[in-house]
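# Okay, structure incoming, though there's no sequence with it:
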């Protein structure tokens, strides 16, 4: 999903200005034969028709192009709900649709009245009345347009995630070797995308095995400390990953050079298991600097763990095979 193409949403005056300018341009280009009443009736009726055409084009573009929240993948729906007032967002889109319908209704009413008017002065009064009513309708949604623009700015900060791909999410404390692992698995530098409520970014890579493409995501600032220590909004942002992850890769640094004890790392692992309730592949990093006795001890606790060595790349192919199953 890519929210980067969402177009800026302006205030009411912006749309009214371009609509009225278009109406003036349309009225100026018309060459009408006949008496003055006929000329004025045709010019002014076509003027308001042009005004409505612009308003409809702009407002319908907002409702058509703005994502329909209920139709988004669950991952993005969760992000929307924890970053934007969900109910107000839906009501704001409804208000834009209402204004569009009101403008169309006014155009139909005044178009007919102007065409059937028997008085030139009356035509100009009808045009003025139409301008006033359509301006009032758009100004009534000024607050909703502002809210939608703020929502658009928020959505543009969402990461571009391929929600249709199987996804492996990497977790573990900082400095345990997660980013190095991502590079080793994918064979390239990770792509970077912002994520709500973190000061860092998600890091993306892709791997193909047996014709199957897998999305691999490192989550700095997210799954690198106990879940219960997060505030409500941060927690929702973390939980959005539940709708994305098919399997979890949890990295343990048994050397404790990452700055966290094995006990702390084990507790975080259990925390992640309880939160996500999906398959977890445990990876033991920095095996090349681990003494044999420690390796035997960690094997006893995690008999199915994959032992990795950044230097020799040992364990990488096994991990890719496990992820791709």
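Structure received. Computed from a predicted structure; not experimentally measured.
# For this structure, which residues score under the pLDDT cut-off?
Where the chain drops to pLDDT under 70, the residues are 1, 194-200, 221, 231-234, 310-312.
# those strands in this structure, which residues are they?
Remark: strands assigned in the chain by DSSP state E are 167-171, 191-194, 201-209, 212-218, 247-252, 279-284, 306-307.
# List the pairing partners of the first one within its sheet, with orientation.
If I follow you right, that is strand 167-171. strand 212-218 (parallel), strand 247-252 (parallel) (DSSP bridges).
# Any buried residues in the shortest one, and which?
The one in question is strand 247-252. Buried residues in strand 247-252, counted by 16 or more other C-beta atoms under 10 Å: 247-252. (C-beta placed from N, C-alpha, C; glycine too.)
# can you give me the helices in the stretch 51-200 of the chain?
Applying DSSP state H, counting those that start in this stretch to the stretch 51-200 of the chain gives helices spanning 74-83, 86-116, 120-139, 142-156, 178-186.
# Enumerate the positions of the first one that are buried.
Neighbour counts using 16+ other C-beta under 10 Å place 75-80, 82-83 of helix 74-83 among the buried residues.
# cool, and the fourth one?
Taking 16+ other C-beta under 10 Å as the neighbour-count basis, helix 142-156 is seen to contain the buried residues 144-145, 147-149, 151-152, 154-155.
# which outside residues touch it?
Where contact means C-beta atoms under 8 Å, 6 or more residues apart in numbering, the residues beyond helix 142-156 that reach it are 3-4, 6, 8-12, 62, 66-67, 80, 83-85, 88-89, 91-93, 95-96, 196.
# Neighbours of the residue lying closest to residue 248 once chain neighbours are set aside, how many?
Closest residue to residue 248 apart from its sequence neighbours, by C-beta to C-beta, 6 or more residues apart in numbering: residue 280 at 4.5 Å. Neighbours of residue 280 under the rule other C-beta atoms under 10 Å: 17.
# who touches residue 280 in this structure?
Counting by C-beta under 8 Å, 6+ apart, residue 280 makes contact with 247-250, 269, 272-273.
# Closest to residue 298 out of the residues you listed?
Of all the contacts of residue 280, residue 269 has the smallest distance to residue 298: 12.3 Å, by C-beta to C-beta.
# roughly how far apart are the nearest residue to the closest one once chain neighbours are set aside and residue 127?
Distances taken as C-beta to C-beta, 6+ apart place residue 250 nearest to residue 269, at 5.2 Å, with adjacent residues excluded. Distance, residue 250 to residue 127, by C-beta to C-beta, to the nearest Å: 69 Å.
# do residue 27 as well
10 Å.
# on that earlier part again, please, a PyMOL command that selects the buried ones among the contacts of helix 142-156?
To isolate in PyMOL the members of these that are buried, counting by 16+ other C-beta under 10 Å, one can use:
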select buried, resi 3+6+9+11+12+62+66+67+80+83+84+89+92+93+95+96+196
